[in-house]
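Student: Sequence plus the predicted model coming up.
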Amino acid sequence: HTHTHTTATTTTNMSDTAPATATIPVRLIRNFEHRSMKQIVMHDISLSLTTEQFEALIREHIQREPGFGPFRTQHFDTLKILHKPFGFKTSNPVINLDHDDDWVLLPGKTLAESGIVPETEVSFYSQEAYLKYKENPVHVW
């Protein structure tokens with residue numbers, strides 16, 4: 001009596017599916033006019049996280065890591081794509097002033113649904129401060 005055991009193997013073709021996690025550089029913008037900003041790199045971020053979950057992770061990072069003192073009391077409420085890999089970099093040194101309608105990460109959407117792919121750079125800032133700056137995008141030296 002011979003017993004044959006077969007194991008089913010499934011192969012996943014990575015090019016067919018979006019990667020599950022990504023490294024996402026985040027530009028924290030404290031003050032637009034003074035170009036007061038700091039870059040952090042968020043590693044192994046699941047693209048199935050919602051905007052709110054990702055914001056919470058960034059806030060935790062700011063609270064936990066040394067060197068973010070002035071940023072801890074800052075009000076950040078908006079995440080927006082700064083630029084996509086292989087895309088054109090914005091000419092503005094602080095933030096991309098275009099794409100307000102389609103590059104802002106909306107609450108309740110996952111990062112993947114918002115168009116985030118690995119190495120997509122995002123900005124995190126106060127929407128109120130941004131709108132004020134957008135009316136008059138000058139830099140104070």
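Tutor: Everything's here; your move. In this text, all values refer to a predicted model and were calculated from it rather than measured experimentally.
Student: burial measure for residue 136, as a count.
Tutor: 8 (other Cβ atoms under 10 Å). Bear in mind the C-beta positions are built from the backbone N, C-alpha and C, glycine included.
Student: Any stretches of the chain with poor pLDDT?
Tutor: Where the chain drops to pLDDT under 70, the residues are 1-19, 141.
Student: Strands of that one, start to end?
Tutor: With strands called from DSSP state E, the chain shows them at 21-31, 36-46, 78-83, 121-125.
Student: Out of those strands, which one sits most buried?
Tutor: Comparing the strands of the chain by mean neighbour count (mean count of other Cβ atoms under 10 Å), strand 121-125 comes out on top with a mean of 23.
Student: What pairs with that strand, parallel or antiparallel?
Tutor: Strand pairing for strand 121-125, determined by DSSP bridges: strand 21-31 (parallel), strand 78-83 (antiparallel).
Student: coming back round to it: now the strands of the chain in JSON lines, with distance to residue 94?
Tutor: Shown next, in JSON lines, are these (distance: least, Cβ to Cβ, whole Å):
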{"stretch": "strand 21-31", "distance to residue 94": "6"}
{"stretch": "strand 36-46", "distance to residue 94": "7"}
{"stretch": "strand 78-83", "distance to residue 94": "9"}
{"stretch": "strand 121-125", "distance to residue 94": "8"}
